[in-house]
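Enquirer: Fold the following and give me the result.
(chains A and B)
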Amino acid sequence: MKSRFQLNYLLARSQQKTSTMSIIQLSNISKIYNPDTVPVRALNHVNLNIDKGEFTAIVGPSGCGKTTLLNTIGGLDHPTEGKVIIDHTDITALQSKALINFRLHNIGFVFQDYSLLPVLTARENTEFIMQLQNRSKKEYRQRAEELLKEVGLGDKMDFFPSKLSGGQQQRVAVARALAPKPKFVLADEPTANLDSKSTNDLLDIMLKLNKEEHITFLFSTHDQRVIDKARRIVVLEDGNIVKDEVLTVSY
Amino acid sequence: MITAISWRNVWRSKLRSIVIMSAITLGLTGGIFSVAIFNGMSEQKLRSAIDVQTSHIQIHQQGFRKNKDIRLYIPHLEKLKTEILSTNHVDKWAIRTVISGMAATSNGNAGIQLNGIIPEDEKQVTTLSQMMIEGEYFETQRKNQIVVGKKLADKLEVKLGSKIIVTLQDANGEIVGAAFRVSGIFKTPSSLFDESQAFVRKGDLEKLAGQANTSHEIAIRMNNIEQVPEAIHELQAATNGQPLAIESWREVEPELAYLTDSMWQINYLFLAIILAALAFGILNTMLMAIFERVKELGVLMAVGMNKFNIFKMIVLETVFLSLSGALVGIALSFALVKWINQIGINLSMFAEGLASYGLSSIIYPNLDNEFYLSITLMVIITAILASIYPAIKALQLKPVEAIHG
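Expert: Below is the predicted model:
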């Protein structure tokens, strides 16, 4: 671990990045649940910028606000205060319909329990989201095959999720998240339900995509194996960012 | 893909889907078959009335049907016959002398309507000659033969060869009478008809009434009942200016027309009630499906599936679920109706009651093919209506809450 001086330096450096470089900008984000009854402050004036190509882990104890932060960045939850700007678009100002459309074209999601549609095969799960984008059949067919091959499931494209292991399902979920060519991928505890081998396989795939295709990953995790491979670690406690560490020489 | 998802979702909970599909299948089969029976009864009653007496079109002098006045005979009959012959649609017709009178025997008496007919012409227009249960239908040229219904024969306690005294008021208002001998007894599906109608040769009745070559009624039979309005139009044009009432069976038998018309409304209402009951079952099934898939719906919304597509997915799933059960039910009832239509349902234990409504004791269920199409459409509409509430519940989900339960 780095010294307190180094961390403070890195935190300051992170916050000084210009907005033009950042794909995600959170300014003064607060989220208060039950404001009228028993207020719970999940996020407390959070400022955070994420650049294109980052591989960032948001860590912290249960209830620290990791999921709320990801939901806010993903436009699934509306902050009580502050702005979320994704690639120059203030998504906190978007109406519901526009926000759904924005998510479809700009954000990839990977969930803890994979959340694949059980009635669709791996290929169909990957194609489906591109169909929602009205891509041509040729295009979504080709891209789904490429992505599934890339995550190592070229031979299991026509398998239903029930016939795939947890690790394989999560790899399909990654392929699905990447299918719409999003600006970044949000992954909420992506390895929580996976064994060590599946976790390592998944991380290798995500890192490869990050390195070779500069895909931005932002994930919440408790998993030390994931934290060890992250290039930037944002530590949350009680809704506050208490540490923001960029590990420039880790890999 | 949304269509595929909807279809495959139907089969995710096989047992639950099969239970509701079976309910739809049984409900519709029962409902459609019941409607086919009602419809078959209605058609039989209509066919029986048209075949036995009414025919498709009747021509009278204006006011005759209301007053039954013996003097209101059809004027210029020969000219009218020529005019009828000149039309395109009419080829079978019979002329009748119709007089109200009294039939009496030593055992009793009854008010009757006497129909003076030309048997050879009448056979072209009505099927009464095929409904003889005793004796014959004017097969010999003997004078003063009378053919009566079974119920009238029983009431007057007469049998073949028995004598019946017929009395009536002639054109001059005098009471005249003559003895007729029973040569045949018929039985139609209508006990009212069998009790009130008697048939004699036209010449015999004219002689009794003192009016030669007078006719009160012309009964016209078409090849196709659908041609009736066109034929009436033609006849009215051909007889323009004459004081004639040219009426279809609907006007002659208004209660029958009302029954036929309202039968369809009743049938559709009956099926609508069955479908409404099934709709609650469908709605319940879909609500269960939605509540089971809250997280999945949340994920779909999160990844960018818009509300229209969510709505469409649920509506399609409901339609597939309902239609799968309905198509089996419709196919089953189609086969059942076709089969029973060939053999009939024997309700002879209720023969007397049915006869009082003019119905045969053997019922032949029947339905037009268009009705099956209408039912399919009604099922689709029901499914769409039943899907609205579950779809609204789905649309009310907030992705962030749905995903995290």
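Enquirer: What helix or strand is B:F311 located in?
Expert: Per DSSP states H and E: B:F311 is located in helix B:307-343.
Enquirer: What residue in chain A comes nearest to chain B?
Expert: A:L104 (2.5 Å; C-beta to the nearest C-beta). Any C-beta I mention is one placed from the backbone N, CA and C, and that applies to glycine too.
Enquirer: neighbouring strands for whichever helix or strand comes after the helix holding B:F311, and are they parallel or not?
Expert: Downstream of helix B:307-343, the first helix or strand assigned by DSSP H and E is strand B:345-346. According to DSSP bridges, strand B:345-346 forms sheet pairs with strand B:362-363 (antiparallel).
Enquirer: show me where pLDDT drops low in chain B?
Expert: Within chain B, the stretches with pLDDT under 70 are B:405.
Enquirer: what about the longest strand in it?
Expert: Secondary structure of chain B read by DSSP state E shows that its longest strand is strand B:92-105.
Enquirer: Kindly calculate the angle that the helix or strand just after that one makes with strand B:92-105.
Expert: Downstream of strand B:92-105, the next assigned helix or strand under DSSP H and E is strand B:108-117. Interaxial angle, strand B:108-117 versus strand B:92-105 (axes from the mean of the first three to the mean of the last three C-alpha atoms, to 10 degrees): 160 degrees.
Enquirer: so how far is whichever helix or strand comes after strand B:108-117 from its chain's centroid?
Expert: Once strand B:108-117 ends, the next helix or strand along the chain (criterion: DSSP H and E) is helix B:119-125. Relative to its parent chain, helix B:119-125 has a centroid offset of 24 Å by C-alpha atoms, centre = their mean, to the nearest Å.
Enquirer: who in chain A is up against chain B?
Expert: Listed as neighbours of chain B in chain A under the rule C-beta under 8 Å from any C-beta of the partner chain: A:67, A:71, A:74, A:76-77, A:97, A:100-101, A:103-105, A:109, A:111, A:115, A:117-120, A:124, A:127-129, A:131-133, A:176, A:180.
Enquirer: Which residue comes closest to the one residue in the stretch 1-150 of chain B that gets nearest to chain A once chain neighbours are left out?
Expert: Per C-beta to the nearest C-beta, B:R8 is where the stretch 1-150 of chain B lies closest to chain A, at 3.6 Å. Residue nearest to B:R8 in three dimensions, not counting chain neighbours: A:V119, with 3.6 Å by C-beta to C-beta, 6 or more residues apart in numbering or on different chains.
Enquirer: Before we move on, what's the pLDDT of the most centrally placed residue in chain A?
Expert: Centroid check for chain A by C-alpha atoms, centre = their mean gives A:L186 as the closest residue, at 1.3 Å. Predicted confidence (pLDDT) for A:L186: 93.
Enquirer: what about it, is that helix, strand or coil?
Expert: Secondary structure state of A:L186, per DSSP: H, G, I helix; E, B strand; the rest coil, is strand.
Enquirer: bridging residues for it?
Expert: Beta-bridge partners, per DSSP bridges, of A:L186: A:F109, A:L218.
Enquirer: count of residues packed around A:S196?
Expert: 10 (other C-beta atoms under 10 Å in any protein chain shown).
Enquirer: From A:T67, how far out is the closest residue to it other than its chain neighbours?
Expert: Nearest residue to A:S196, sequence neighbours excluded (C-beta to C-beta, 6+ apart): A:R225, at 7.1 Å. Note on A:R225: its distance to A:T67, by C-beta to C-beta, to the nearest Å, is 19 Å.
Enquirer: and those two? which has more neighbours close in?
Expert: Taking other C-beta under 10 Å, A:R225 and A:T67 do not tie; A:T67 has more neighbours (21 against 14).
Enquirer: Backbone dihedrals for the residue nearest to A:S196, both of them.
Expert: Reported as degrees, to the nearest 10, the phi and psi values for A:R225 are phi -60, psi -40.
Enquirer: How about B:S190?
Expert: Torsion angles, degrees, to the nearest 10, at B:S190: phi -100, psi 120.
Enquirer: got the contact list for it?
Expert: Residues near B:S190 by C-beta atoms under 8 Å, 6 or more residues apart in numbering or on different chains: B:S48, B:A49, B:V52, B:A355, B:G358, B:L359.
Enquirer: Report the secondary structure state of the fifth one.
Expert: Spelled out, that is B:G358. With three-state DSSP as the basis, B:G358 sits in coil.
Enquirer: pretty sure it is touching B:L192, no?
Expert: Yes. Using C-beta atoms under 8 Å, B:G358 makes contact with B:L192 at a distance of 6.7 Å.
Enquirer: what is in contact with these two at once?
Expert: With C-beta under 8 Å, 6+ apart, B:G358 and B:L192 have no common neighbours.
Enquirer: Name the residue in the two with the higher neighbour count.
Expert: Neighbours around B:G358 and B:L192, counted as other C-beta under 10 Å, are more numerous at B:G358. The numbers are 21 against 14.
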